[in-house]
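[1] Quick one, structure for this:
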Amino acid sequence: MRPFFLERYFDRYEFQTQYTLCSSDIEPLSLKQLLQMAEADTLELWEGLSLGYTNASGHPLLLDEITRLYERIKTDELLVCAPEEGIYLTIRSIIGEGDHMVVTFPGYQSLYEIAAASGGLIDRWQPVENEYRIEELRALMRDDTRMIVINFPHNPTGASVSKEKLDQNVSLAKEYGCYLFSDEMYRLLEFDPSHRLPAVCDLYEKGISLAGMSKCFSLPGLRIGWLASRDVHFLKACMTYKDYTTLCNSAPSEVLAIIGLQAKGHLLERNMRLLKANLSLQRRFFSEFEDLFSWSEPVAGPVSFPKILFDMDSDQFCEELMKSKGVLLLPSSCYEYGTTHFRISCAREHMPLSLALLYDFMREYFL
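    Numbering: from 1, shown residues only. So this is what the prediction gives:
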């Protein structure tokens, strides 16, 4: 496999830079904060936890909590795994040498890189003016297409599609008899709840939904995610691969994930309050610098993908900002999407200070 450009960039800079202004996860909880939310029975489970091997599919109580996020999914239609592992298991189970796949682009590299390393043939569904158009997707489909991979709400643009367009995605997958794999890590973080899409696993028998604790619930350090699908043969194939990856999940992480899901109402309210407050500051910033950036406000989640309108590529822009102000942004080269965009986030409590430093940088360099 080729290097994972985004992850290598973060490995180089994330913990060396004072302020991260491009985080994809929302202000993480401390262990103390999470345990304070625990229900009595779950806290007792935590305190008496045996650090042995766990059920490979996931703790029964965790599976039960996850089903509450869906309309049709039952506990035997879930597989708990690390979020990145879920991508690996899915693609390795479906895409092999010569198999065709269409994927939203730009996007998280593993959504297409694993398929490429498996000998898959990949076409990229790209936005037009920040909009993913169904006619563009249809033009990429082939008679032998095995899977469509989508990511709505989208990372890094913050864009999404309407319920009608998602239904068209499902209809197209049904027409071609292919799988529809949906990265739904930002589902539940819509700024307007009316924009929330149903989970693909609830809409289509060959639909696969990927979700987890990392983004919506501010618990990325647990490394707990899951695959949801009514295609039990697909889940069995994933389990075969999982026997060669993690085998089973971390016992402490599973119990902490149960606590997080039991407190999901509180966590989502907390996170949306932070996102909305920070987004209003970003809105004001990009309004003031509208001649220097083209910015589309995110529909959901913490990230957006502004375009640079001045004479400097995003790699140099991000590098100069880091050196000058200690603020980290993510250049579009990490997504193999040219050098005119960068990812910015409203996910951290320190964002007002980070944004103020970016403001000072822009005033010093460009005004």
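[2] and residue 319, how many neighbours?
    For residue 319, the neighbour count with other Cβ atoms under 10 Å is 14. The C-beta positions use only the backbone N, C-alpha and C, and glycine is treated the same way.
[3] Helices of the chain, residue ranges please.
    5-13, 31-35, 40-47, 60-67, 83-94, 110-117, 134-140, 163-176, 200-203, 232-242, 251-262, 264-288, 314-325, 351-366 (DSSP state H).
[4] And these: which comes nearest residue 182?
    helix 200-203 (3.8 Å; Cβ to Cβ).
[5] Which elements pack onto the closest one?
    Under the contact criterion of 3 or more Cβ pairs under 8 Å, 6 or more residues apart in numbering; DSSP states H and E, helix 200-203 touches helix 163-176, strand 179-183, strand 207-212.
[6] which residues are contacting the last one?
    Meaning strand 207-212. 69-70, 83, 86-87, 90, 170, 173, 179-185, 187, 199-202, 224-231, 234 (Cβ atoms under 8 Å, 6 or more residues apart in numbering).
[7] before we move on, what about the second one?
    Contacts made with strand 179-183 from outside it, assessed by Cβ under 8 Å, 6+ apart, are listed as 87, 90-91, 94, 107-108, 111, 146-152, 155, 169-170, 173, 199-201, 204, 206-210, 231, 234.
[8] still on that earlier bit, looking at the helices and strands packed on helix 200-203, spot the one closest to residue 238.
    Once these are compared by Cβ to Cβ, strand 207-212 is nearest, at 9.2 Å.
[9] any chance of the helices and strands packed on helix 200-203 in TSV, plus mean pLDDT?
    As requested, the helices and strands packed on helix 200-203 are exported to TSV (pLDDT from 0 to 100):
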stretch	mean pLDDT
helix 163-176	98
strand 179-183	98
strand 207-212	98
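[10] Give me the buried subset of the contacts of strand 207-212.
    69-70, 83, 86-87, 90, 170, 173, 179-185, 187, 199-201, 224-231, 234 (16 or more other Cβ atoms under 10 Å).
[11] Let me see the contact set for residue 337.
    Residue 337 neighbours (Cβ under 8 Å, 6+ apart): 105, 106.
[12] and it, what are its phi and psi?
    As for residue 337, its main-chain torsions (degrees, to the nearest 10) stand at phi -130, psi 50.
[13] Also the one 10 residues further on?
    When quoted as degrees, to the nearest 10, the phi and psi of residue 347 stand at phi -100, psi -10.
[14] State the pLDDT value of it.
    Looking at residue 347, its pLDDT stands at 97.
[15] again, but for the one 4 residues further on
    If you check residue 351, the pLDDT there is 97.
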